[in-house]
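Q: Model the structure of this input:
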Amino acid sequence: MDTFRTLLIALRRQSVVFKDVMCWHHSPTTQSFLVHVPLLRAKIAALLNGAGECAFIKLDKCLSVSRDPPNALREALYAMGFAMSESPDALVLSLSELFAQETLIPLAAVVIDYPVAYYPAFPAQTSFLEREALDIHTVSVEWIEKASDVTLAFGREHVLLKFSCPQVLASNHAELSPSTVIRKLYAKFATTPERIGGSILVIHRTETLERVAL
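A: Here you go, the predicted structure:
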């Protein structure tokens, strides 16, 4: 945690852009998340009030979809929102060491801003989406730079998001169809790269894996 605290102090000295950025850390798994506090608090409020945009997929034998966070995640989100309100100047805050995978897996998806969040059906579950056909979406920012005054140019790419969604769910949940997901991703991210001279690219492909690591 000291590393992130030192980093954030240095960044805040360099620019006011980082004044609302802090770190959430989970010691048992050594997971850390740099977050923009006002954005995360707004996202948490929306999810707790039933207005969130994330689809929560329970990884049971029969996959199910809900717009409401599972109970364990709901409690974690409430605790995080309260902690950020109580400690507005904190550089680093700690997630509860009691959080198990059924909380941490969907929590990571929410913080990273995935439109889909998986959560295990039971605490000891270790096998996920075996041989399940998946829609895989990759969101990238691209830059095209000229090497000289001539037309020769080269590109750079940075991946913002990469996530999957079981294909079988799209038939009963139109919001999870590839066309809908792609449209929403472009709408969400299209204007951001323009500020830094880039453009957004969303790539969709399908794949079936032996299992998925979460």
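Q: Show me where the chain has its strands.
A: Listed in chain order, the strands of the chain (DSSP state E) span residues 21-26, 31-36, 55-59, 64-66, 92-94, 116-120, 133-146, 153-166, 199-208.
Q: State which helix of this structure is the longest.
A: helix 71-86 (DSSP state H).
Q: which residues are in contact with it?
A: The contact list for helix 71-86, computed with Cβ atoms under 8 Å, 6 or more residues apart in numbering, reads 22, 24, 37, 40-41, 44-45, 47-48, 56, 68-69, 90, 93, 95-96, 99-100, 102-103, 106-107, 110, 119. Every C-beta, even on glycine, is put in place using the N, C-alpha and C of the backbone.
Q: at 7 Å instead, please
A: With Cβ atoms under 7 Å, 6 or more residues apart in numbering as the contact definition, helix 71-86 has outside contacts at 37, 41, 44-45, 47-48, 69, 93, 96, 99, 102-103, 106-107, 119.
Q: what angle separates it from strand 31-36?
A: Angle between the axes of helix 71-86 and strand 31-36 is 50 degrees (criterion: axes from the mean of the first three to the mean of the last three Cα atoms, to 10 degrees).
Q: if you skip the residues just before and after it, what's nearest to the most centrally placed residue in the chain?
A: With distances taken as Cα atoms, centre = their mean, I112 lies nearest the centre of the chain, 2.3 Å away. Leaving aside its sequence neighbours, I112 sits nearest to L161 (Cβ to Cβ, 6 or more residues apart in numbering; 7.2 Å).
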